[in-house]
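Engineer: My questions are about this predicted structure, shown below with the sequence.
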Amino acid sequence: MKVMEETISGAIVRRFFNKLERHLSVDVAIVGAGPSGLVAAHDLALAGYNVAVFESKLAPGGGTWGGGMLMNEVVVQNDAAAILHEFNITTVPFDNQYQTVDAIEMASGLIFGARKAGAVIFNAVTVEDIAIHDGRVCGVVINWNPVARLGMHVDPIVIMCRALVDGTGHPSEIVQKAVNKAGVTIDSPTGGILGEKPMWMEDGERTTVENTKRLYPGLYASGMAANNVQGGFRMGPIFGGMFKSGRKIAQLISADLSHD
Ligand code: 48F
């Protein structure tokens with residue numbers, strides 16, 4: 001008869017490694033559990049794809065928790081609020097264009113919604129590199145965040161994927177690996193990363209969605225990463241563009257994977 005401690009440890013180990021094993025090769029790997037990545041994960045999982053999200057922080061949610069300057073309310077446009085309602089997140093009308101959302105409800109609702117749709121989130125896992133084979137991005141190289149932060153000399157493991165989304169926000173870390181390390185030419189005006197421009201909410205919101213696209217075979221960017229790649233303006237604590245970007249990248253990937 002096992003003692004309780006052994007049963008509890010065994011349950012965690014077996015269930016976790018079963019989950020990891022089922023995601024060693026996925027349809028879609030999403031790097032970053034910010035708002036755009038979470039909406040994309042939700043939509044792709046609902047469409048029936050095997051989706052894994054890798055988030056380097058302990059708590060998924062990205063830049064959603066703190067509202068504006070730690071005042072934990074955020075703003076969304078009327079049309080984007082409809083996406084939040086699909087996640088059962090409550091929005092409160094502010095004027096005839098905008099609605100406000102409790103940032104904690106939004107962050108937790110997006111995480112819960114993505115998970116319930118079937119996407120699996122691996123938290124405290126950093127994507128430190130990508131795999132490119134024969135002119136196509138086909139995997140992510142992962143390690144525990146504490147291993148990376150402590151600078152431990154530990155080799156990573158690799159998760160293979162049919163499509164990879166850079167949802168890392170402002171730094172677009174994954175596209176940087178493709179451009180700077182693999183030396184590939186991406187679909188941007190220069191073939192490289194233009195870099196984010198300063199604050200212009202209206203323009204930044206519009207271009208976040210326009211800039212959401214496939215950049216290279218197998219490689220896509222959403223949210224602020226997409227805007228950084230194409231040289232768009234930043235927009236601060238208004239989030240409609242992020243949700244629409246997540247939805248758009250899910251639609252693009254669904255279309256591409258259905259032709260594979
Ligand atoms: O920045 P983030 O929230 O992504 P987003 O979907 O949304 C941007 C907004 O939050 C905000 C804004 C709205 O107006 O401008 O900034 O573009 O979330 C990015 C997530 O990616 C994680 C990071 O911890 C964050 O939670 N991340 C970044 N690099 C890595 C990573 C990496 N190498 N591996 C794993 N996760």
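Structural biologist: That came through, no problem. Numbering: from 1, shown residues only.
Engineer: At the contact with the ligand, which residues of the stretch 151-260 of the chain appear?
Structural biologist: 167-169, 173, 223-225, 234-236, 238-239, 242 (C-beta under 6 Å from any ligand atom). Placement of C-beta: from N, CA and C, glycine included.
Engineer: in this protein, which spans are strands?
Structural biologist: Residue ranges of the strands in the chain, as given by DSSP state E, are 25-31, 51-55, 73-77, 92-93, 98-102, 120-123, 125-133, 136-144, 157-166, 197-199, 213-216, 219-221, 233-234.
Engineer: residue closest to the middle of this protein?
Structural biologist: By C-alpha atoms, centre = their mean, the chain has its centre lying nearest to residue 37, at 2.6 Å.
Engineer: how close does the closest residue in space to it that isn't next to it in sequence sit to residue 183?
Structural biologist: Counting by C-beta to C-beta, 6 or more residues apart in numbering, the nearest residue to residue 37 once its immediate chain neighbours are dropped is residue 167, at 3.1 Å. Separation of residue 167 from residue 183 (C-beta to C-beta, to the nearest Å) stands at 23 Å.
Engineer: What of residue 82?
Structural biologist: Going from residue 82 to residue 183 by C-beta to C-beta gives 41 Å.
Engineer: Can you get me a residue count around residue 184?
Structural biologist: For residue 184, the neighbour count with other C-beta atoms under 10 Å is 19.
Engineer: try residue 259
Structural biologist: Residues near residue 259, counting by other C-beta under 10 Å, number 5.
Engineer: Residue 15 too?
Structural biologist: For residue 15, using other C-beta under 10 Å, the count is 10.
Engineer: And the pLDDT at it?
Structural biologist: If you check residue 15, the pLDDT there is 98.
Engineer: got the contact list for it?
Structural biologist: Contact analysis of residue 15 by C-beta atoms under 8 Å, 6 or more residues apart in numbering lists nothing.
Engineer: rewinding a little: any idea which of the residues of the stretch 151-260 of the chain next to the ligand is least confident?
Structural biologist: residue 236 (92).
Engineer: Hmm, residue 68 and it touching each other?
Structural biologist: Yes. The pair residue 236 and residue 68 qualifies as a contact (C-beta atoms under 8 Å) at a distance of 6.6 Å.
Engineer: hmm, back to that, which one's more surrounded, residue 82 and residue 183?
Structural biologist: Neighbours per residue (other C-beta under 10 Å) separate residue 82 from residue 183, with residue 82 holding more: 13 against 9.
Engineer: Check what pLDDT the more buried one gets.
Structural biologist: Per-residue confidence (pLDDT) for residue 82: 97.
Engineer: Would you agree residue 26 is in contact with residue 52?
Structural biologist: Yes. Using C-beta under 8 Å, residue 26 makes contact with residue 52 at a distance of 4.7 Å.
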